[in-house]
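**Q** here is my input; please provide its structure:
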Amino acid sequence: MRLVGPSGEQVGIVPLAKALELAQEYDLDLVEVAANARPPVCKLMDYGKFKYESAMKAREARKNQAHTVIKEMKLRPKIDPHDYDTKKGHVVRFLKQGDKVKITIMFRGREQSRPELGFRLLQRLASDVEDLGFIESNPKQDGRNMIMVLGPHKKKTEAMAEAREAQAARKADAKANPGRSQNSAEDEELSEAPAEAPAEAPAEA
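**A** Numbers count the residues shown, from 1 in each chain. Below is the predicted model:
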């Protein structure tokens with residue numbers, strides 16, 4: 001096999017026994033990194049650290065390559081308050097998922113002569129969800145409609161996603177180790193229980 005050292009240096013072609021001896025000497029793992037090469041290539045490394053770093057790189061790559069989804073929500077300029085709250089709830093959910101949202105105000109008949117109604121509605125919606133998103137594309141007329149695009153605050157959506165992942169991991173751990181979870185809860189109860197006051201010594205006569 002062709003052996004690569006822990007710092008990437010070329011050790012050369014060595015027999016398996018020699019490679020295993022070097023791995024033991026450096027207290028490292030012998031990992032095959034190119035099985036199809038002739039001869040196969042192996043490297044001395046800390047395999048646990050390698051797996052962790054690879055997982056972190058893959059996670060970062062997924063973040064950078066994640067495609068943006070654009071959802072659409074349609075409203076009427078004279079929307080009913082209950083319908084508005086329902087539509088706003090959908091917009092909130094989309095932004096929390098990290099999606100952009102295209103808001104479309106649909107004008108009909110005489111409503112087309114009152115574009116300010118649509119503009120005010122879009123401004124109101126943007127204000128109501130400003131903690132989760134920002135106006136990426138300002139309100140503009142598009143034929144009979146008026147549109148605006150909201151984008152998610154990335155830091156907040158990433159934090160929410162990490163919180164969801166952490167919660168899912170805790171649930172999975174609790175399911176896999178129910179006894180440990182119960183013991184932890186009991187330990188917390190014991191730690192929170194107030195200590196009993198020491199009994200007073202009887203007064204001497």
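**Q** alpha carbons only for contacts and neighbour counts from here, please
**A** Fine.
**Q** and the residue nearest to Pro40 when sequence neighbours are not counted, how many neighbours?
**A** Spatially, and ignoring its direct neighbours in sequence, Pro40 is nearest to Met1 (5.2 Å; CA to CA, 6 or more residues apart in numbering). As a burial measure, Met1 scores 17 neighbours (other CA atoms under 10 Å).
**Q** so who does Met1 touch?
**A** Met1 makes contacts with Ile13, Val14, Pro15, Leu16, Pro39, Pro40, Val41, Cys42, as judged by CA atoms under 8 Å, 6 or more residues apart in numbering.
**Q** now swap in Glu136 and tell me
**A** Met148, Val149, Leu150, Gly151.
**Q** one more pass at 7 Å, please.
**A** Val149, Leu150, Gly151 (CA atoms under 7 Å, 6 or more residues apart in numbering).
**Q** strands of this protein, start to end?
**A** Along the chain, the segments classed as strands by DSSP state E run 2-4, 10-13, 29-34, 41-45, 70-75, 100-106, 133-142, 145-152.
**Q** in TSV: the ones you listed, plus mean pLDDT and distance to Arg120.
**A** TSV is the format used below for those (pLDDT from 0 to 100; distance: least, CA to CA, whole Å):
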stretch	mean pLDDT	distance to Arg120
strand 2-4	94	66
strand 10-13	92	68
strand 29-34	92	61
strand 41-45	95	62
strand 70-75	94	12
strand 100-106	96	11
strand 133-142	94	10
strand 145-152	95	11
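**Q** columns distance to Ala55 on top of those, output as a markdown table?
**A** A markdown table is the format used below for the strands of the chain (distance: least, CA to CA, whole Å):
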| stretch | distance to Ala55 |
| --- | --- |
| strand 2-4 | 22 |
| strand 10-13 | 26 |
| strand 29-34 | 16 |
| strand 41-45 | 16 |
| strand 70-75 | 28 |
| strand 100-106 | 28 |
| strand 133-142 | 30 |
| strand 145-152 | 26 |
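**Q** who wins for proximity to Gln167 among those?
**A** strand 145-152 (21.9 Å; CA to CA).
**Q** which residues touch that closest one?
**A** 95, 98-107, 118, 132-141.
**Q** low-confidence ranges in the chain?
**A** 64-68, 155-165, 172-205 (pLDDT under 70).
**Q** tell me how it divides into domains.
**A** Split into domains by automatic domain parsing, the chain comes to 2-47, 70-155.
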